[in-house]
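Colleague: I'd like to go over a predicted model; first the sequence, then the structure.
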Amino acid sequence: MSSRKVVELFYDVVSPYSWLGFEVMCRYRNLWNIDLKLRPAFLGGVMQGSGNKPPGFVFNKMHYMIHDLRRLAEYFDVPLQQPSDPEEVMFNKGSLAAMRFVAAVQQKGGDKKTEKVSRELWRRIWSEDKDITEPASLSEAAVKAGLTDGEIKEVLEMCTSKEIKEKLKSCTEEALKLGAFGFPMMVCHVDGKPEMFFGSDRFELMAHCIGEKWLGPNPDKAKL
Ligand SMILES: N[C@@H](CCC(=O)N[C@@H](CS)C(=O)NCC(=O)O)C(=O)O
């Protein structure tokens, strides 16, 4: 068997398309000969650093996105539901506190816990119309992800540390260096060279580039 290819997934829980990309990558992780590395980063920093603007800033794009996400939720089998005030959630409240929390969970608990906490945060913001900015909200997500009270207390304390702020910042800067202008971004390391893909709609091409088979967004169902 050829050596496993490293695939880095850069994401932010404020991004609904990242949730789709994240679930697909988690479903394919054991099917493809890949080593998936979760790279929680800050989409606001990527927008600023690349000079891009969120698609929601253009009225027609926002309108399209809301319609598109409804179709995609069903197609990807991810329980995406639009929050009651998407602009407030995405542009005013944002995700800096949540992504520092995810970075701290990764530092303390590794990728399995990072996966679970990220999923619970997405569920709050993009399925249940709940807050992800307050410490109590972050704690609730962590409880659902299976972290103990002691772990949650420690992770919340870590969020304000210089180390965690730097960790999130450096991951965001790394994404920018790899060419990021939005999320999700997948970077496949093929023969030592990084190959970047933007969006949750590039899996077919990505599979082709890494020599794997694309079986649709839900490979388990495709096999039935
Ligand atoms: N076509 C992509 C769109 C992804 C997308 O719109 N991502 C947003 C964040 S939720 C973004 O960063 N957009 C930047 C851009 O479109 O330039 C997909 O289907 O996943």
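Modeller: Arrived safely, thanks for sending.
Colleague: contacts for the lowest-mean-pLDDT helix or strand in the chain, please.
Modeller: Within the chain, judged by mean pLDDT, DSSP states H and E, the helix or strand with the poorest mean is helix 219-223; its value is a mean of 83. By Cβ atoms under 8 Å, 6 or more residues apart in numbering, the list of residues contacting helix 219-223 from outside reads 27-28, 31, 77, 215-216. No exception for glycine: its C-beta is placed from N, CA and C like everyone else's.
Colleague: rerun that using 7 Å as the cut-off
Modeller: The contact list for helix 219-223, computed with Cβ atoms under 7 Å, 6 or more residues apart in numbering, reads 27-28, 31, 215-216.
Colleague: among the residues you listed, which are located in helices?
Modeller: 27-28 (DSSP state H).
Colleague: buried ones among the contacts of helix 219-223?
Modeller: The neighbour count (16 or more other Cβ atoms under 10 Å) marks 27-28, 215 as buried among the contacts of helix 219-223.
Colleague: near the ligand, which of those show up?
Modeller: Contacts with the ligand are made by none of the buried ones among the contacts of helix 219-223, judged by Cβ under 6 Å from any ligand atom.
Colleague: rebuild the residues you listed as CSV, extending it with pLDDT.
Modeller: As requested, these are arranged in CSV below (pLDDT from 0 to 100):
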residue, pLDDT
27, 98
28, 98
215, 97
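Colleague: what's the burial count for residue 149?
Modeller: By other Cβ atoms under 10 Å, 10 other residues sit near residue 149.
Colleague: now it: how far from the ligand?
Modeller: As judged by Cβ to the nearest ligand atom, to the nearest Å, residue 149 and the ligand stand 33 Å apart.
Colleague: so where do the strands sit in this protein?
Modeller: Remark: strands assigned in the chain by DSSP state E are 5-11, 34-40, 185-190, 193-198.
Colleague: ranking these by burial, who's on top?
Modeller: Burial of those is given as mean neighbour count (mean count of other Cβ atoms under 10 Å); strand 5-11 ranks first at a mean of 22.
Colleague: just give the nearest non-adjacent residue to residue 204, would you?
Modeller: Nearest residue to residue 204 in three dimensions, chain neighbours excluded: residue 214, at 4.6 Å (Cβ to Cβ, 6 or more residues apart in numbering).
Colleague: between the strands of the chain, which one is closest to the ligand.
Modeller: Minimum separation from the ligand across the strands of the chain (Cβ to the nearest ligand atom) falls at strand 193-198, 6.9 Å.
Colleague: ok so, going back, take the strands of the chain and lay them out in TSV including distance to the ligand.
Modeller: Putting those into TSV (distance: least, Cβ to the nearest ligand atom, whole Å) gives the following:
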stretch	distance to the ligand
strand 5-11	9
strand 34-40	14
strand 185-190	9
strand 193-198	7
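Colleague: can those go into TSV with extra columns for mean pLDDT?
Modeller: TSV is the format used below for the strands of the chain (pLDDT from 0 to 100):
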stretch	mean pLDDT
strand 5-11	97
strand 34-40	97
strand 185-190	95
strand 193-198	96
